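1. Just a sequence and a predicted model for now, questions to come.
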Amino acid sequence: MMAWLETTWLTVWGVLPPEVQYTVWTLTKILAIVLPLMLAVAYFTYAERRVIGYMQGRRGPNRVGWYGLLQPIADALKLMFKEVVLPSNANRFLFLTAPMLSLAPALAAWAVIPFNDGMLLADVNAAVLYLLAMTSITVYGVIIAGWASNSKYAFLGAMRASAQMVSYELAMGFALVGVLMAAGSMNLNTIVQAQSGGMFYWFALPLLPLFVVYFISGVAETNRAPFDVAEGESEIVAGFHVEYGGMAFALFFLAEYANMILISALAATFFLGGWLSPFEGIGVFGVGESLLAEPGLHWFVLKTFIFMFIYLWLRATFPRYRYDQIMRLGWKVFIPVTLVWIGVLAVMIVGDIGPWFGGGA
Amino acid sequence: MIESILFYIFAGILLAAAIGVITARNPVHSALLLVLAFFNSAVLWMLLEAEFLALVLILVYVGAVMVLFLFVVMMLDINVAGMRRGFARYLPLALIVVAAIIVQLALVFTSDQFGAQMLADLERYPADYNNTAELGRLLYTVYVYPFEIAAVILLVAIIAAISLTLRRREGTRHQNVGRQVQARAKDRVRLVDLPRRQGEGDK
């Protein structure tokens, strides 16, 4: 039976023209990325409520399903059956396009993330540029949402959010310049391979200032606490998505969490060696030769989870920044730090200081 | 085959968006259509295997310039009717400008340097060809002086723009973050031990 199925499948597959085969195969890979991602987003919201709950001495959602595990499903169902209210005099087309515009880049950026050696959708040379381009157009969803809502709270939130995102993009871009200088490539797979040799070879060490700047800019870029003035509920209700309800609001929510996971995955890829094992090449107790030293998908996922947890930790810990202080931090602290460190890095690469830059240049 | 289909699709959207930019009544719609036009021209560049230029176009124009543009257009209360009033008066001048542009374009497209015959022999490179590295190599070797001069001119422009908007008003209150960080509790708060007056606690 199985053999018969296999042969029929192979004949059917073989008859298809190569373009169709390629399309079907690519679509399958996209599904294999997007479905787990959506699941991760759903359970990230649950994890957020549980983690912050425990940090604040509460329990968080624990009623729906075992330990509240069905809570995200219940939330999703609730949002799906709610009405999408169109504000009066709102621009209907733009109002409904904005949530999609904010979700699409958040998902599209995942095309170049390497999950394991060579396990990625698009192995492109200019992947870092592609990522910067994708993160830079997420701002349109916010701006258009704020404008099309025809509400001053939404508009104020959109203005704040977009100014903040554009500002922190620069610091983020400069931090990535350091990464591509160190790796000598813009291909993410090559960047990860340039960090092989154990955890002391990861770029987090030689690029420590850029690493810190990158992650904090990432938090600001996704408009998360403590930089979430864009939705500062105490002053402008909920910011740019104040007029949205139901599924349209859910799309913004999905985009925000997908972006957070994206920034976490990127930080893991650029600075913590992506799918490489931290125990690679460690001589003590034969760890370097054991199963622990094998690179693989699980290391990538684990490292991404660490950053995702830091997101929640930051939110539970810090009070909201004041807006002018956010701008000051981005322009007057982060950008000079990255500029100086790019100079230092150039000297380190030219002088071949440390074990990191053998593969590059 | 598929490439030409893609080209016609994206070129069609590009032209439609570009026409929309000048015909849309609402300036915000015009700006958004311009974003769409930029995006589609980036895709066309991508079809020409110029991935660096395509991505930089999106990064710089779509991601930064148009955001600021949109900002300004949304903030301003533009009187569309008033701007359309002088249409008939400016029409002759506009026609002259359009004619000049058409003549220029025709000259470019029919010349030996840029004509359509130049496009026919576009070289296709293998998949591992790195457009970005190649551009970088050229910019920093063959064209290093023009590149550096352009960079200095841009720097001067940035400084000029900043100095134009920089004005110091008297009497505004700023916070000095360095001083705030340096503040210690003992500079701000004085704890005083008040001696108990004689006989007060006895009652």
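-> Structure received. Being a predicted model, the structure only gives us computed values, none of them experimental.

2. Which residues lie in contact with the closest residue to residue A:127 other than its chain neighbours in this structure?
-> Ranked by Cβ to Cβ, 6 or more residues apart in numbering or on different chains and with sequence neighbours excluded, the top spatial neighbour of residue A:127 is residue A:112, at 4.1 Å. Where you see a C-beta, it was placed from the backbone N, CA and C, and this is true even at glycine. Neighbouring residues of residue A:112 by Cβ atoms under 8 Å, 6 or more residues apart in numbering or on different chains: A:120-124, A:127, A:130-131, A:188.

3. Same check on residue B:64?
-> Residue B:64 touches A:136, A:166, A:169, counting by Cβ under 8 Å, 6+ apart.

4. again, only using 7 Å
-> When contacts are counted by Cβ atoms under 7 Å, 6 or more residues apart in numbering or on different chains, residue B:64 touches A:136, A:166.

5. Specify the local secondary structure of it.
-> helix (DSSP: H, G, I helix; E, B strand; the rest coil).

6. sorry, back to before: of the contacts of residue A:112, which belong to helices?
-> When DSSP state H is applied, the contacts of residue A:112 are split such that A:127, A:130-131, A:188 fall in helices.

7. can you name the two of these that are farthest apart?
-> A:130 and A:188 (9.5 Å; Cβ to Cβ).

8. Read off the pLDDT value for the residue nearest to residue A:127.
-> With respect to pLDDT, residue A:112 scores 88.

9. Columns neighbour count and pLDDT on top of the ones in helices among the contacts of residue A:112, output as a markdown table?
-> Formatted as a markdown table, those follow (neighbours: other Cβ atoms under 10 Å in any protein chain shown; pLDDT from 0 to 100):
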| residue | neighbour count | pLDDT |
| --- | --- | --- |
| A:127 | 26 | 85 |
| A:130 | 23 | 88 |
| A:131 | 27 | 89 |
| A:188 | 25 | 86 |
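
10. The closest residue to residue A:292 other than its chain neighbours is in what secondary structure piece?
-> Leaving aside its sequence neighbours, residue A:292 sits nearest to residue A:279 (Cβ to Cβ, 6+ apart; 4.5 Å). Using DSSP states H and E, residue A:279 falls within no helix or strand.

11. again, but for residue A:343
-> Counting by DSSP H and E, residue A:343 is found in helix A:335-350.

12. what's the neighbour count on the closest residue to chain A within chain B?
-> The nearest approach of chain B to chain A comes at residue B:63, 2.7 Å away (Cβ to the nearest Cβ). Neighbour count of residue B:63, defined by other Cβ atoms under 10 Å in any protein chain shown: 26.

13. Local confidence estimate at it?
-> pLDDT at residue B:63 comes out at 81.

14. Flag every residue of chain A that's near chain B.
-> A:19, A:125-126, A:129-130, A:132-133, A:136-137, A:139, A:143, A:147, A:162, A:166, A:169, A:186, A:328 (Cβ under 7 Å from any Cβ of the partner chain).

15. Nearest spatial neighbour of the residue of chain B closest to chain A, chain-adjacent residues omitted?
-> residue A:136 is the one closest to residue B:63 (Cβ to Cβ, 6+ apart), at 2.7 Å.

16. need the helices for the stretch 1-150 of chain A, in chain order.
-> A:2-15, A:18-55, A:71-80, A:92-108, A:127-148 (DSSP state H, counting those that start in this stretch).

17. for the ones you listed, which one sits closest to residue A:314?
-> helix A:18-55 (10.5 Å).

18. which other helices and strands contact the closest one?
-> helix A:71-80, helix A:246-271, helix A:297-317 (3 or more Cβ pairs under 7 Å, 6 or more residues apart in numbering or on different chains; DSSP states H and E).

19. number of nearby residues for the nearest residue to residue B:58 once chain neighbours are set aside?
-> Of all residues not flanking residue B:58 in the chain, residue A:133 sits nearest, at 4.2 Å (Cβ to Cβ, 6+ apart). Counted with other Cβ under 10 Å, the neighbours of residue A:133 add up to 23.

20. So residue A:133 sits against residue B:60, correct?
-> No: Residue A:133 lies out of contact with residue B:60 (Cβ atoms under 7 Å); the separation is 9.3 Å.

21. Which helix runs longest in chain B?
-> helix B:87-110.

22. Please export the C-alpha coordinates of that one as CSV.
-> Extracted C-alpha coordinates of helix B:87-110, given in CSV (Å, rounded to 0.1, in the frame of the first residue of the first chain):
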residue,chain,number,x,y,z
PHE,B,87,-4.9,75.2,-13.8
ALA,B,88,-5.8,76.9,-17.1
ARG,B,89,-3.4,79.8,-16.5
TYR,B,90,-0.4,77.5,-16.0
LEU,B,91,-1.3,75.0,-18.7
PRO,B,92,0.8,76.6,-21.5
LEU,B,93,3.9,76.7,-19.3
ALA,B,94,3.2,73.1,-18.2
LEU,B,95,2.9,72.0,-21.8
ILE,B,96,6.2,73.6,-22.6
VAL,B,97,7.9,71.7,-19.8
VAL,B,98,6.3,68.4,-20.8
ALA,B,99,7.4,68.9,-24.4
ALA,B,100,11.0,69.6,-23.2
ILE,B,101,11.0,66.4,-21.1
ILE,B,102,9.6,64.3,-24.0
VAL,B,103,12.3,65.7,-26.3
GLN,B,104,15.0,64.9,-23.8
LEU,B,105,13.7,61.4,-23.2
ALA,B,106,13.5,60.8,-26.9
LEU,B,107,17.1,62.0,-27.3
VAL,B,108,18.3,59.7,-24.6
PHE,B,109,16.4,56.6,-25.9
THR,B,110,17.6,57.1,-29.5
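
23. just checking, next helix/strand downstream of the helix-or-strand element of chain B with minimal mean pLDDT?
-> Lowest mean confidence among the helices and strands of chain B (mean pLDDT, DSSP states H and E): helix B:116-120, at a mean of 63. Using DSSP H and E, the helix or strand that follows helix B:116-120 in sequence is helix B:131-140.

24. and that following helix, how far out from the chain's middle?
-> 22 Å (Cα atoms, centre = their mean, to the nearest Å).
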